[in-house]
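A.B. asks: everything below, folded, please.
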Amino acid sequence: MNETSPPLEGAPLIAPSSTDHPLYEQAVEACRSVYDPEIPVNIYDLGLIYTIEIDDENAVRVIMTLTAPGCPVAGEMPGWVADAIEPLPGVKQVDVEMVFEPPWGMDMMSDEARLELGFM
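C.D. replies: Residues are numbered from 1 along each chain as shown. All right, here's what the predicted structure looks like:
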């Protein structure tokens, strides 16, 4: 391995989601109901939701970021996400963690978000 090659081992930058959990799709749809007030696209399609982890007790842990650390709603958005997921039938509790590593980039947006914002 040469000096410029990235390491092949170690934890992924973004933890995997519980995609096989029965509540996963409902949690994704709940996240799609939350919008960044400055951008007319939901936070899931913007790529701000990094991980939706659901354990055997139906406790949901969301790891998310913002388009920029200085976002005016930084303090409020985790609460909006929790408020969207908590009412789902069977959800025990919701914890939302804000991270800035890896930093958000426009490449994390869905095709729908790119189209909506005129990037396609």
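A.B. asks: low-confidence ranges in the protein?
C.D. replies: Scanning the chain with the threshold set as pLDDT under 70 gives 1-12.
A.B. asks: let's see 90
C.D. replies: Low-confidence segments of the chain, defined by pLDDT under 90: 1-15, 36-40, 67-75, 116, 119-120.
A.B. asks: how far away is the spatially most central residue of it from residue 99?
C.D. replies: When C-alpha atoms, centre = their mean is applied to the chain, the residue found nearest the centroid is residue 49 (0.6 Å). Computed as C-beta to C-beta, to the nearest Å, the residue 49 to residue 99 distance reads 11 Å. Glycine gets a C-beta too; all of them are placed from N, C-alpha and C.
A.B. asks: common neighbours of these two, please.
C.D. replies: Among the neighbours of residue 49, those also in contact with residue 99 (C-beta atoms under 8 Å, 6 or more residues apart in numbering) are 63-64.
A.B. asks: the strands in the protein, which residues?
C.D. replies: The residue ranges that make up the strands of the chain, judged by DSSP state E, are 49-54, 59-64, 93-98.
A.B. asks: re earlier: how close does the residue nearest to the centre of the chain get to residue 33?
C.D. replies: Taking C-beta to C-beta as the criterion, residue 49 is separated from residue 33 by 12 Å.
A.B. asks: with residue 94 instead?
C.D. replies: Spatial separation of residue 94 from residue 33 under the definition C-beta to C-beta is 14 Å.
A.B. asks: which ones are touching the residue nearest to the centre of the chain?
C.D. replies: The contact partners of residue 49, taken as C-beta under 8 Å, 6+ apart, are 28, 31, 43, 62-64, 81.
A.B. asks: of those residues, just the buried ones, ChimeraX syntax please.
C.D. replies: Applying 16 or more other C-beta atoms under 10 Å to these, the buried members can be selected in ChimeraX as follows:
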select :31,43,62,63,64,81
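A.B. asks: what's the closest of the contacts of residue 49 to residue 115?
C.D. replies: residue 43 (16.7 Å; C-beta to C-beta).
A.B. asks: pretty sure the closest one contacts residue 33?
C.D. replies: No: taking contacts as C-beta atoms under 8 Å, residue 43 lies outside contact range of residue 33: 9.3 Å.
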